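Generate coordinates for the sequence data below:
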Amino acid sequence: MAFQEQWELEAKKRQAQVQARKQKIQANLAELQKQRQTKAVQVREKLSVFRENLATTEESRQQEENLRAAKRQEFCESLHRHTEIFLTNSARDRQLSAQKMAEELESYVSFLQERTREFLEQTATNRRERAAQLHEDLALFEAALAAVSEQRRQRQIELENLKEKTQEFLSVRHLERLETKAELTDKLTIFREDLRSGVQTYLQELELKRVERAENLQGFLQKSQSDRTAAVKALFSRFAEYRRQLNEYRDALQAEVWGTNAEEIKPQPQKPATVAALKVEMPKKIEKPKSEPAAILKSNAVAFEVEVYHYILQKKGARLLELETALAINRIQAVDALRSLVQKNLIVQRDRLYIPVN
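Predicted structure coming up:
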């Protein structure tokens with residue numbers, strides 16, 4: 001009887017040790033679960049910060065583009081204002097010059113008329129004074145009259161020559177003004193063409209930079225996804241190794257307590273509830289379509305679904321606004337087509353960017 005009591009006492013002691021070891025193992029597993037959850041929360045926080053930084057970068061780039069567009073618009077308006085001011089000043093200067101020349105011509109004609117009037121008055125006065133001596137100085141008067149007539153004829157000829165020179169001068173000035181206007185018009189046209197080509201080249205460079213940034217971002221996202229997948233696989237492989245070691249330890253403990261030939265009398269050990277709770281599902285991989293994309297698109301296709309899929313496949317990724325602009329569709333049609341393609345596992349969404357699965 002003493003031996004049986006001693007054996008029962010030792011059995012109870014062994015069971016107490018087993019229970020203590022079970023509690024220690026459960027505590028270790030709970031601590032591992034807590035650490036894994038903490039790491040998951042940290043990873044989520046880092047991902048949220050990265051998304052906020054990316055949104056801030058996109059907003060700053062949009063503000064810079066708006067500022068550059070406003071500067072270009074202000075430069076064009078300033079150029080138009082300076083051109084109009086230059087043309088207005090040129091027209092005003094030409095008008096002032098023509099008015100000044102007309103005033104000088106009028107003053108010169110008035111001077112000639114005044115001189116002629118004075119000359120005629122003097123001649124009439126002389127004729128009146130010499131009326132008494134008309135009969136005596138008739139021959140002299142006729143000669144003087146012929147001289148006066150010749151002088152008047154010469155004056156008329158000089159006046160006609162002066163008018164012709166004035167008209168020729170005005171014609172030359174008019175031709176020079178037309179040539180200057182044509183030259184300024186050609187220069188302004190060339191300047192506008194150069195400005196238009198420069199702005200077009202700058203816009204093309206901006207478009208190339210935007211495409212390059214989108215490609216770099218897509219590569220970075222794919223690399224980040226592959227790194228996370230590899231890290232999760234490594235974590236699960238470590239967890240499988242830990243479970244294997246735990247099972248070996250349990251088998252060794254069982255053999256030590258019950259012996260190798262005591263399988264019929266020993267109770268079946270229950271799996272700890274914590275181990276079952278630690279089973280974490282692997283992140284679901286994107287299922288590739290079992291059939292060809294063309295066959296999937298034909299089944300229950302909505303409006304513009306085929307065009308949206310081909311555009312995303314060609315560009316290797318596109319945003320909602322880009323699809324609306326490129327395909328000339330509204331927001332509702334684009335959203336319906338994208339939702340149908342996502343449900344058919346032909347495209348996936350990554351931070352407002354829709355990319356093809358394959």
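
any idea whether the nearest residue to residue 318 once chain neighbours are set aside is helix, strand or coil?
Of all residues not flanking residue 318 in the chain, residue 312 sits nearest, at 5.0 Å (C-beta to C-beta, 6 or more residues apart in numbering). (C-beta placed from N, C-alpha, C; glycine too.) Following DSSP: H, G, I helix; E, B strand; the rest coil, we place residue 312 in the helix state.

Could you count how many residues lie near residue 312?
23 (other C-beta atoms under 10 Å).

which residues does it contact?
Counting by C-beta atoms under 8 Å, 6 or more residues apart in numbering, residue 312 makes contact with 318, 323, 341, 347, 354-356.

Could you rerun that using 7 Å?
Counting by C-beta atoms under 7 Å, 6 or more residues apart in numbering, residue 312 touches 318, 347, 354, 356.

do you know how far it is from residue 339?
13 Å (C-beta to C-beta, to the nearest Å).

hang on, the earlier thing: per-residue pLDDT, the residue nearest to residue 318?
Note for residue 312: predicted pLDDT of 91.

that older thread, and which of the contacts of residue 312 is nearest to residue 178?
Taking C-beta to C-beta as the measure, residue 178 lies nearest residue 318 of the contacts of residue 312, at 55.3 Å.

just the helices in the stretch 1-150 of the chain please.
Here the stretch 1-150 of the chain has its helices, by DSSP state H, counting those that start in this stretch, at 2-129, 138-258.

Mean neighbour count added to those, as TSV?
Below are the helices of the stretch 1-150 of the chain laid out as TSV (neighbours: other C-beta atoms under 10 Å):
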stretch	mean neighbour count
helix 2-129	11
helix 138-258	12
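
will you turn those into JSON lines that also has mean pLDDT and distance to residue 328?
As requested, those are arranged in JSON lines below (pLDDT from 0 to 100; distance: least, C-beta to C-beta, whole Å):
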{"stretch": "helix 2-129", "mean pLDDT": "87", "distance to residue 328": "23"}
{"stretch": "helix 138-258", "mean pLDDT": "86", "distance to residue 328": "19"}
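
Would you reformat the ones you listed as CSV and include distance to residue 329?
Output for the helices of the stretch 1-150 of the chain, formatted as CSV (distance: least, C-beta to C-beta, whole Å):
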stretch, distance to residue 329
helix 2-129, 23
helix 138-258, 21
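
among those helices, which is nearest residue 331?
Ranking those by proximity to residue 331 (C-beta to C-beta) places helix 2-129 first, at 19.0 Å.

other SSEs contacting that closest one?
Counting contacts by 3 or more C-beta pairs under 7 Å, 6 or more residues apart in numbering; DSSP states H and E, helix 2-129 is packed against helix 138-258, helix 273-277.

Out of these, which is closest to residue 37?
helix 273-277 (11.8 Å).

sorry, back to before: in CSV, list the helices and strands packed on helix 2-129 along with distance to residue 121.
Putting those into CSV (distance: least, C-beta to C-beta, whole Å) gives the following:
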stretch, distance to residue 121
helix 138-258, 13
helix 273-277, 134
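
domain assignment for this structure?
10-229, 288-358 (automatic domain parsing).

quick revisit: mind checking which of the helices and strands packed on helix 2-129 is nearest residue 13?
helix 138-258 (10.7 Å).

can you put the domains of the chain in a markdown table and add distance to residue 244?
What follows is these, written out as a markdown table (distance: least, C-beta to C-beta, whole Å):
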| stretch | distance to residue 244 |
| --- | --- |
| domain 10-229 | 14 |
| domain 288-358 | 32 |
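
For residue 130, see how far away the residue lying farthest from the centre of the chain is.
Ranking residues of the chain by C-alpha distance from their mean position (C-alpha atoms, centre = their mean) puts residue 136 at the top, at 106.4 Å. Distance of residue 136 to residue 130, given as C-beta to C-beta: 9 Å.

Ok, residue 243 next?
Counting by C-beta to C-beta - residue 243 and residue 130 are separated by 151 Å.

Show the low-confidence segments of the stretch 251-358 of the chain, by residue range.
Counting by pLDDT under 70, the stretch 251-358 of the chain shows low-confidence ranges at 259-301, 358.

if I look at the residue nearest in space to the middle of the chain, how far off is residue 74?
Nearest to the mean C-alpha position of the chain, by C-alpha atoms, centre = their mean, lies residue 65 at 5.6 Å. Note on residue 65: its distance to residue 74, by C-beta to C-beta, is 15 Å.

what sits up against stretch 182-196?
By C-beta under 7 Å, 6+ apart, stretch 182-196 touches residue 83.
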